[in-house]
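A.B. asks: Coordinates for the following, if possible.
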Amino acid sequence: MDRPGNRCPLPGYPRPSVLLCLLILTASFLTYPMLRTLSLQLHSAVTGSYVSGTYSIVLVNCPNEQIAREIARAILDKKLAASVNILPKASSLYFWNGEIEEATEILLLIKTKTSKVHMLSSYVRLVHTFEIPEIFSLPMDQGDVHYWKWLEEGMEED
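C.D. replies: Reported below is the predicted structural model:
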């Protein structure tokens with residue numbers, strides 16, 4: 001007498017157990033980043049320690065100090081960052097339309113939450129005078145716990 005469990009699957013079709021294993025493996029792979037982030041945030045909340053990459057520094061070049069100040073103030077007003085340093089007169093050499101260009105630019109160092117980098121970048125692209133503004137971020141790895149707290153407070157919504 002044949003029992004259903006002893007039957008061989010149809011040729012060319014995987015066993016149901018293999019499909020279940022593949023489904024579990026795929027679900028684990030897809031949810032890992034979210035689960036890792038949640039566990040790190042929980043650990044940080046419980047221990048009071050900093051989770052690397054929670055905050056970022058965004059670098060943006062501006063053509064002059066007036067535009068740099070306007071962008072910096074607008075970013076702070078919108079709570080997209082807690083602090084902006086304006087570094088004067090950076091000499092830049094770069095390719096533009098196949099030619100090497102040279103310019104004096106003003107560099108903004110913007111301190112923000114990593115979760116706000118996308119909104120911040122979108123806003124800067126909207127208001128910046130450059131056709132393709134230089135915008136990139138670097139995650140903050142280590143620093144003073146009191147500074148992280150101050151950054152967090154600086155970006156709290158009213």
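
A.B. asks: In contact with the residue nearest the centre of the chain, which residues?
C.D. replies: Centroid-nearest residue in the chain: Thr114, 4.3 Å away (criterion: Cα atoms, centre = their mean). Thr114 makes contacts with Gly53, Thr54, Tyr55, Ser56, Ser137, Pro139, as judged by Cβ atoms under 8 Å, 6 or more residues apart in numbering. For glycine as for every other residue, the C-beta is placed from the backbone atoms N, C-alpha and C.

A.B. asks: redo that, cut-off 7 Å
C.D. replies: Neighbour list for Thr114: Gly53, Thr54, Tyr55, Ser56, Pro139 [criterion: Cβ atoms under 7 Å, 6 or more residues apart in numbering].

A.B. asks: helices and strands of the protein: which one bottoms out on pLDDT?
C.D. replies: helix 16-47 (a mean of 73; mean pLDDT, DSSP states H and E).

A.B. asks: Do me a favour and average the pLDDT over the very next helix or strand once past that helix.
C.D. replies: Downstream of helix 16-47, the next assigned helix or strand under DSSP states H and E is strand 55-62. Throughout strand 55-62, pLDDT has a mean value of 95.

A.B. asks: in its sheet, what does strand 55-62 sit against?
C.D. replies: Partner strands for strand 55-62, per DSSP bridges, with pairing direction: strand 99-113 (antiparallel), strand 135-139 (antiparallel).

A.B. asks: buried set for the shortest one?
C.D. replies: Read it as strand 135-139. Buried residues in strand 135-139, counting neighbours by 16 or more other Cβ atoms under 10 Å, are found at Ile135, Ser137.

A.B. asks: In PDB, list the C-alpha atoms belonging to that strand.
C.D. replies: Taking C-alpha atoms only, strand 135-139 is exported to PDB below (Å, rounded to 0.1, in the frame of the first residue of the first chain):
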ATOM      1  CA  ILE A 135      26.400  65.800  -2.200                       C
ATOM      2  CA  PHE A 136      27.600  62.700  -0.400                       C
ATOM      3  CA  SER A 137      27.500  61.400   3.100                       C
ATOM      4  CA  LEU A 138      29.900  59.500   5.400                       C
ATOM      5  CA  PRO A 139      28.500  57.600   8.400                       C
END
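
A.B. asks: outside of whichever helix or strand comes after that strand, which residues touch it?
C.D. replies: Using DSSP H and E, the helix or strand that follows strand 135-139 towards the C-terminus is helix 145-154. The contact list for helix 145-154, computed with Cβ under 7 Å, 6+ apart, reads Tyr50, Tyr55, Ala82, Ser83, Lys111.
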